[in-house]
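>>> sharing a model prediction with you, sequence too.
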Amino acid sequence: MITTRTRLADLARRYAAGPLDLRFDAGRRWYARLGAGPDHEAWVLTWLPGQETDLHDHGGSAGAFLVVTGVLTESLVSRGALADTPMSAGTVREFGAHHVHRVANRGTVPAVSVHVYAPALTAMTRYRLAGGELLVESMAQAGVDW
């Protein structure tokens, strides 16, 4: 069983080293499930310049994501505002079960990332930042919304 975020980062690197059948979609971020085990799942995402997620959590799952190509920017809430961290190819971000973030391709070239979650995603909550506070926008369920 996966018990550490470091182990999730290692899994992300292993999945990224395998063959990745990639597609890019101008209308939205493209994603595909790469695989799963009894205690995790892995996804590959492609990002064209300007594509981003909403602020979201991972429904209680811990995780890690690896920037395979390009540069992605992760935004975290800090002191009531968003703080941005650019992440170049090869960078891995590990996170716990209560992590809320936004990820964006603010560069000029496409990007690819591999994400691993433990346990597998069952829900995600989307947020908005208003007056320095996170407010719930919507909730999504695996098998229904993705």
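Arrived safely, thanks for sending.

>>> residue 81 versus the residue lying farthest from the centre of the chain, what's the distance?
Note on the chain: the largest C-alpha distance from the chain mean falls to residue 131, namely 25.0 Å (C-alpha atoms, centre = their mean). Distance, residue 131 to residue 81, by C-beta to C-beta, to the nearest Å: 11 Å. Where you see a C-beta, it was placed from the backbone N, CA and C, and this is true even at glycine.

>>> then residue 67?
24 Å.

>>> and these two? Which one has more around it.
Just comparing residue 67 and residue 81: by other C-beta atoms under 10 Å the higher neighbour count belongs to residue 67, 25 against 10.

>>> next secondary structure element downstream of the host helix or strand of that one?
In the assignment (DSSP states H and E), residue 67 maps to strand 62-69. Sequence-wise, the next helix or strand downstream of strand 62-69 (DSSP H and E) is strand 71-78.
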